[in-house]
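Asks: Please find the sequence and the predicted model below.
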Amino acid sequence: MESALDYHMALAMLDWQLELGADEVICEAPVNRFELQQSQPKPAAAAAGPDGKRRPPPVAKPKIDPIAEATKLAQAAQDLPGLRATLETYEHCELKQAARQLVFSDGTPEARVMVIGEMPGRDEDRLGKPFMGPSGRLLDKMLAAIDLDRAADDPAKAAYLTTVLPWRGPQNRDATPAEVQQLKPFLERHIALVKPDFLVLMGNLPCQALLAKRGISRLRGQWAEVQGIPALPMLHPERLLRNPMAKRDAWADLLSLKARLDA
């Protein structure tokens with residue numbers, strides 16, 4: 001009878017402790033949980049090959065920094081054909097996957113003036129040259145107004161054309177800041193190899209890439225410096241086609257360039 005009473009009292013006390021929130025049994029001897037070793041993950045089991053022999057799991061390849069890789073490859077290019085070949089084999093830019101072909105340059109590399117556009121459009125992607133189609137024809141007229149021609153052999157009369165990015169964006173989308181930074185080393189090396197007397201930055205993207213500035217309406221006509229070379233921001237011909245009234249500003253900028261060339 002006494003043992004039955006003890007049993008019911010112990011059960012009642014246990015229920016009372018559960019109601020108070022006790023949910024763990026404490027041992028008589030203390031346990032130092034900080035000394036408990038955490039379980040270590042087991043190494044991946046070696047996979048069996050066709051011959052039945054076990055082989056170690058494949059080692060993960062180190063992640064490539066695309067900007068560092070672009071910088072290394074660009075600096076290794078010793079001439080323009082080498083730089084073009086390097087860009088042809090560069091596989092770390094998603095733009096390349098959607099583009100039809102590389103758009104590298106047009107004109108005479110020995111020209112005093114190097115014109116840098118934004119990124120290829122449909123016509124440029126189809127023909128593989130910068131400034132094609134209606135905007136290209138307008139640019140040719142603008143250059144002719146100050147006695148320059150992309151097809152001229154005489155460096156004093158020639159112009160050399162390229163773009164910030166060498167591939168067209170899918171559906172003509174704008175370039176992302178990450179894409180600009182990734183391909184900037186190739187553009188900087190391009191400028192260093194050509195060594196022009198003057199740069200013309202046509203549009204927002206060249207100013208963003210080389211001057212770290214945006215707002216071409218505010219920047220146009222104000223001479224700056226890129227890699228030690230005088231650089232003139234100008235409105236892109238595509239914008240002039242959409243807003244013919246802006247051609248007055250473009251003409252003023254062309255006269256400024258002409259004055260520098262004649263000085």
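Replies: Sure thing, it's come through. If you're wondering where the values come from, they're calculated on a predicted model, not measured in any experiment.
Asks: Going by C-alpha atoms from here, please, whenever you check contacts or count neighbours.
Replies: Will do.
Asks: Strands of the stretch 51-200 of the chain, residue ranges please.
Replies: 54-55, 106-107, 113-117, 159-163, 198-202 (DSSP state E, counting those that start in this stretch).
Asks: Now do the third one, average pLDDT.
Replies: Along strand 113-117, the predicted confidence averages to a pLDDT of 98.
Asks: Can you give me the distance of Arg242 to Leu235?
Replies: The gap separating Arg242 from Leu235 is 11 Å, by Cα to Cα, to the nearest Å.
Asks: now swap in Ile216 and tell me
Replies: As judged by Cα to Cα, Ile216 and Leu235 stand 7 Å apart.
Asks: more crowded one of these two?
Replies: Remark: of Ile216 and Leu235, Leu235 carries more neighbours, 23 against 20, as counted by other Cα atoms under 10 Å.
Asks: What segments of the stretch 51-200 of the chain are helices?
Replies: With DSSP state H, counting those that start in this stretch as the criterion, the stretch 51-200 of the chain has helices at 66-76, 80-89, 95-98, 122-127, 133-144, 177-194.
Asks: relative to helix 177-194, how tilted is the first one?
Replies: Meaning helix 66-76. Calculated by axes from the mean of the first three to the mean of the last three Cα atoms, to 10 degrees, helix 66-76 forms an angle of 10 degrees with helix 177-194.
Asks: Other residues contacting helix 66-76?
Replies: 83, 86, 90, 92-93, 181-183, 185-186, 189 (Cα atoms under 8 Å, 6 or more residues apart in numbering).
Asks: pLDDT wise, what is Leu261 at?
Replies: Per the predicted model, pLDDT is 97 at Leu261.
Asks: among the strands of the stretch 51-200 of the chain, which is the most enclosed?
Replies: strand 113-117 (a mean of 26; mean count of other Cα atoms under 10 Å).
Asks: For that one, what is the distance to the chain centroid?
Replies: Put simply, strand 113-117 sits 20 Å off its chain's centre (Cα atoms, centre = their mean, to the nearest Å).
Asks: Pull up the pairing partners for that strand, direction included.
Replies: strand 159-163 (parallel), strand 198-202 (parallel) (DSSP bridges).
Asks: And for it, what's in contact with it?
Replies: Taking Cα under 8 Å, 6+ apart as the rule, strand 113-117 contacts 130-131, 158-164, 196-203, 205-206, 236.
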